[in-house]
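Here is my input; please provide its structure:
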Amino acid sequence: MKKSICVVMCFLLAVSSAFMFAGCSKAQELTYDVVLITDGGTISDGSYNESAWNGIVQYAENTGASYRYYQPSLDNDVLTDEVAEKYIELAAAAGAKYIVLPTDAFDSVIESAALLYPDINFIVVDGNYGTDSDFQNVMTVSFDTMQSGFLAGYMAVLAGNTELGYFGSFLSDSSSSYGAGFVQGAAYAANELGLPVTLDYADYDSESLTYDYSVTITANYEKIADVEEDCFVVNVVNGSGSGTYTDGTNVTLTADPAPAGMVFDHWEYVSDTQGVKDSKVNLSTTKKTETNLLVEKCDCTITAVYAEAESETYSVTVMAANGTDVYSVQNITADSSCTITAPAAESGMVFDHWEDNSEVSGALLYESDSASTTFEFIDVYCADIVLTPVYVESDAPTFDVTVVTGEGGSGESTGSGSYQSGDYVELVAAVPEEGYIFSSWSNTASDGYSAGLSLENEYSASTSFSMVNRCQAVVETMYDSGVTLVYAAGHDEISAVSDATWNYSFQLWAIGSENYQSSWTNYYTTTIKDYGSAVLQCLEAFAGGTVFTADCSNGSISLSYVAEDYQDSYDALYQSLANGGIKLNTVDSSEDIAACYSSNLLTFNYWA
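Numbers count the residues shown, from 1 in each chain. Here you go, the predicted model:
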C-alpha cells in the first residue's frame, strides 16, 4: 500500500512539474497496459467516467492486465487541448498499450496523438470525431441513440402514459435521433396495445418555436374581517413597508433617499396600541436605512429620521430604462457610498453596461461595476453624478414579467420588467386599502396556468425569486396541457425536464438520458449509454480504423428501470431490436420526425 501511494504521489509531482520525469525514475519503470484519461471528472462521478473505468477494471480482472487512470485539471470547466495532450504524453510514458478517452473532450487532439504514438491503441468513446481508416490505432465507440429513444418511447406508453412530450434541440443531431426513436417507440407501443397516444415535440432552440415567455405576478389581498389571526397596522413615514400584517410577520422597512443636504440618521418608533409600550416595537436595528420589523402585540408608527450632513452632499441620479426619465436619486456626502441598481429592462432587451454622464466622467465606474446591474458605488467625488443604464436586444428569449395589484391593494406593485434566466427579481406589493391585508403572491404564464416560479416567501409583501430557465417554462407548459411524461436527450438542457417535474408533482414523470440512474426520484427511468460494456468489448477485440456501434445487439444501451409487470414485454422488444427484427427509420432533422413512424393511433404535434 505504501509503495502504491508513493508511486501515485510521484506521478502527481511529475504532472505539476510540467510533466518532467527526472527524479521519479522508479515510477518510470512501472508500466500500465490500459490507461483511462477522464474528461476531468472522477472515476466515481456516477456517470461516464465511472462507467468507462468499470469496463477497464473488468477487462483487467479477466486478463490480468495492469491499469490506472489520470484525472486532468480543467480550465473554467473545460479540458484544454494542451492539457489533454500532456496527459496522453504522461500515459505514453507509463507504457500504455491502450488509452481510453471518454466523451467528446478529446475530439480535437486524437489525430495528432494517433500520429505521434503509432504503437498505442486509442479507444475514443462517444465522441464526435469519427474514425479515419488511415488510423489503424484508433477505434471509436458510437452509441445508437435512436434505439435508446425507441426503448424510452415504448416504455413510456407501456407504463400507461398516453399524453407524452419530447423536449429536444433543433441544433443537435443526437437529440433529433433520440427524438425520432422516442416517437417510433411510442407509436410501436400504441399499435401493440391498441391505445391512442398524443405526443408533443418541442425543440427549445428552434427559430420556429414561438412560445410566449411572459409571466403575470399578482399581489393578492383579503379582507381583514376574514382573517382569523390577530392583525396590526404598520405605518412607515419616509420609507416603505407600510401595511396591515398578521402577528409574527417579518417586514422589511426601507428608508427613502435622504433629501439634498441631509443624511439618514436613525429610525424612530412608537406604539399606536393603547396599553402597549413603545419598547414592544421590535426592530432589528435603528441605525441602518434597511431594517427588519417583527410584527407583534401592537400597531405602530416607524419614522425614518434625517439629519443635516456634516459636509456638502451630491446627487447620484440613475436614469430609467428609456434613457430620459429619472429612475432614482440619492444624495450622499463625498467619500461615502451607496448602492446602485438598474431598472428592469423593457421587453426583449437586456442590460449591457452603464454610461457615466457626470462632469467627472470615466472616473467613477470600474470595469466590473459597468457590467453589473447592482453594485456599491464608492469614492464619490465632489460632483453630482448621472448614470444611465444601456440596454441591448437579447440574443435569447426573455421573460416579460408584469406585476399587478389585485383587488384590495392601493397603488402600484413593483417588479415588472424583462428578465433572463437566472436574473434576480424583487417584488414589492402595493399598500393594502383600508380594511384589507396582503395575503399572497400568485403567478401565471401566458397560457393561464401557473408559471412555476418559486418565490422566496409567497406570503411576504416584499419578496424575490430567481427567474426560471426558459427551457423549463416550455416543459411546464407541456405539463399544463395534460402531458404526464416528458423525455429529453442529446443536448445541454435536459435538466429542464427534471426541474419542471420537481416543481409540479410526483404524479408527473420524466425520462432522462444519462449514464446511471439519476438521483431525481421523479425520473421514471433513464436511457443508459453503458461506456463500461463498450470499452470492455473494444479492449477484448480491438479493431483499429473501425467504429464499434454500441446498441442492443451488444448490450451497451438499456433503461435503468423496468417495472416487474413490464419486464417480459421489454425483454421481447429488446431482443427484437438486438436481432434486427425491428428496423427504425432515420430522419434528416427533427422537423421531419412526423414522417418516420406508421401509426393511426399516434397523434404527433410539433410545436412551432
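
Neighbours of residue 581, how many?
10 (other C-beta atoms under 10 Å). For glycine as for every other residue, the C-beta is placed from the backbone atoms N, C-alpha and C.

would you list every one of the helices in the stretch 301-450 of the chain?
Per DSSP state H, counting those that start in this stretch, the stretch 301-450 of the chain carries helices over the ranges 367-370.

export the helix or strand harbouring residue 567 as CSV, just CAs?
Using DSSP states H and E, residue 567 sits within helix 567-578. Only the C-alpha atoms of helix 567-578 are listed here, as CSV (Å, rounded to 0.1, in the frame of the first residue of the first chain):
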residue,chain,number,x,y,z
GLN,A,567,-40.2,-6.9,-17.9
ASP,A,568,-41.3,-9.6,-20.3
SER,A,569,-42.6,-7.2,-22.9
TYR,A,570,-39.5,-5.1,-22.5
ASP,A,571,-37.2,-8.1,-22.9
ALA,A,572,-39.1,-9.2,-26.0
LEU,A,573,-38.8,-5.8,-27.6
TYR,A,574,-35.1,-5.5,-26.7
GLN,A,575,-34.4,-8.8,-28.3
SER,A,576,-36.2,-7.7,-31.5
LEU,A,577,-34.0,-4.7,-31.7
ALA,A,578,-30.9,-6.7,-31.0
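
got a list of contacts for it?
With C-beta atoms under 8 Å, 6 or more residues apart in numbering as the test, helix 567-578 has contacts from 147, 150-151, 154-155, 158, 188, 551-553, 558-559, 562, 581-582.

One more: stretch 280-299?
For stretch 280-299, contacts defined as C-beta under 8 Å, 6+ apart pick out 232-235, 241, 245-255, 264, 266-273, 276, 300, 302, 304.

Just the buried residues out of the contacts of helix 567-578, in ChimeraX syntax.
In ChimeraX, this line selects whichever of these come out buried by 16 or more other C-beta atoms under 10 Å:
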select :147,150,151,154,155,158,188,551,552,558,559,562,582
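
Could you work out the most separated pair of the contacts of helix 567-578?
Using C-beta to C-beta, the two most remote members of the contacts of helix 567-578 are 158 and 553, lying 21.6 Å apart.

Pretty sure residue 168 is one of the things residue 489 touches, is it not?
Yes - assessed by C-beta atoms under 8 Å, residue 489 is found in contact with residue 168 at 7.4 Å.

Find residues that contact each of those two.
Both residue 489 and residue 168 are contacted by 175, 178, 179, under the criterion C-beta under 8 Å, 6+ apart.

Need phi/psi at the first one.
Backbone torsions for residue 175, taken as degrees, to the nearest 10, come to phi -60, psi -40.

how much space between it and residue 202?
Taking C-beta to C-beta, to the nearest Å as the measure, residue 175 falls 11 Å from residue 202.

Identify the contacts common to those two.
residue 168.

rewinding a little: quick one: buried residues of the helix holding residue 567?
Neighbour-count burial for helix 567-578 flags 569, 570, 573, 574, 577 (criterion: 16+ other C-beta under 10 Å).

Distance check, the fourth one against residue 557.
Relative to residue 557, residue 574 is positioned 9 Å away (criterion: C-beta to C-beta).

overlap in contacts of these two?
residue 151.

Go through the shared contacts of residue 489 and residue 168 and name the one nearest residue 349.
Closest to residue 349 out of the shared contacts of residue 489 and residue 168 is residue 175 (29.7 Å), distances taken as C-beta to C-beta.

What pLDDT does the model give residue 1?
On the pLDDT scale, residue 1 is placed at 38.

Take the buried residues of helix 567-578 and lay them out in JSON lines including pLDDT.
Conversion of the buried residues of helix 567-578 to JSON lines gives the following (pLDDT from 0 to 100):
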{"residue": "569", "pLDDT": "97"}
{"residue": "570", "pLDDT": "97"}
{"residue": "573", "pLDDT": "97"}
{"residue": "574", "pLDDT": "98"}
{"residue": "577", "pLDDT": "97"}
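
Flag the shaky bits of the stretch 301-450 of the chain, pLDDT-wise.
Scanning the stretch 301-450 of the chain for pLDDT under 70 picks out 358-371, 377-381.

scratch that, the stretch 451-600 of the chain
Scanning the stretch 451-600 of the chain for pLDDT under 70 picks out the ranges 506, 515-522, 590-591.

Helices of that one, start to end?
470-480, 495-504, 531-540, 567-578.

In TSV, list those helices along with distance to residue 284.
TSV is the format used below for the helices of the stretch 451-600 of the chain (distance: least, C-beta to C-beta, whole Å):
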stretch	distance to residue 284
helix 470-480	35
helix 495-504	32
helix 531-540	54
helix 567-578	59
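
For residue 56, which of the ones you listed is the nearest?
Using C-beta to C-beta, those put helix 531-540 closest to residue 56, at 6.2 Å.

Show me what the residue lying closest to residue 514 once chain neighbours are set aside bridges to in the sheet.
The shortest distance from residue 514 to any non-neighbouring residue, by C-beta to C-beta, 6 or more residues apart in numbering, is to residue 526 (5.0 Å). Taking DSSP bridges as the rule, residue 526 bridges to residue 512.

Test my guess that residue 526 contacts residue 512.
Yes - between residue 526 and residue 512 a contact is recorded at 4.2 Å, counting by C-beta under 8 Å.

And residue 235, how far from residue 490?
58 Å.

and if you look at residue 432?
Counting by C-beta to C-beta, the gap from residue 432 to residue 490 is 50 Å.

So for these two, which sits in the more crowded spot?
residue 432 (26 against 20).

ranges for the helices of the stretch 51-200 of the chain?
Under DSSP H, counting those that start in this stretch, the stretch 51-200 of the chain gives helices at 81-93, 110-116, 145-158, 173-193.

Ok, which of those helices comes nearest residue 470?
Nearest of the helices of the stretch 51-200 of the chain to residue 470, taken as C-beta to C-beta: helix 173-193 at 16.9 Å.

quick one: average confidence on that closest one?
In this model, helix 173-193 carries a mean pLDDT of 96.

hey, C-alpha coordinates of it in PDB?
What follows is helix 173-193, C-alpha atoms only, in PDB (Å, rounded to 0.1, in the frame of the first residue of the first chain):
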ATOM      1  CA  ASP A 173     -28.300  15.700 -34.400                       C
ATOM      2  CA  SER A 174     -28.000  13.400 -31.400                       C
ATOM      3  CA  SER A 175     -31.200  14.900 -29.900                       C
ATOM      4  CA  SER A 176     -33.100  14.500 -33.100                       C
ATOM      5  CA  SER A 177     -32.000  10.900 -33.300                       C
ATOM      6  CA  TYR A 178     -33.200  10.300 -29.700                       C
ATOM      7  CA  GLY A 179     -36.500  12.100 -30.600                       C
ATOM      8  CA  ALA A 180     -37.000  10.000 -33.700                       C
ATOM      9  CA  GLY A 181     -36.600   6.800 -31.700                       C
ATOM     10  CA  PHE A 182     -38.900   8.100 -29.000                       C
ATOM     11  CA  VAL A 183     -41.700   8.800 -31.400                       C
ATOM     12  CA  GLN A 184     -41.300   5.400 -33.100                       C
ATOM     13  CA  GLY A 185     -41.200   3.600 -29.800                       C
ATOM     14  CA  ALA A 186     -44.400   5.300 -28.600                       C
ATOM     15  CA  ALA A 187     -46.100   4.500 -32.000                       C
ATOM     16  CA  TYR A 188     -45.000   0.900 -31.700                       C
ATOM     17  CA  ALA A 189     -46.500   0.600 -28.200                       C
ATOM     18  CA  ALA A 190     -49.700   2.300 -29.300                       C
ATOM     19  CA  ASN A 191     -50.100  -0.200 -32.200                       C
ATOM     20  CA  GLU A 192     -49.300  -3.100 -29.900                       C
ATOM     21  CA  LEU A 193     -51.700  -2.100 -27.200                       C
END
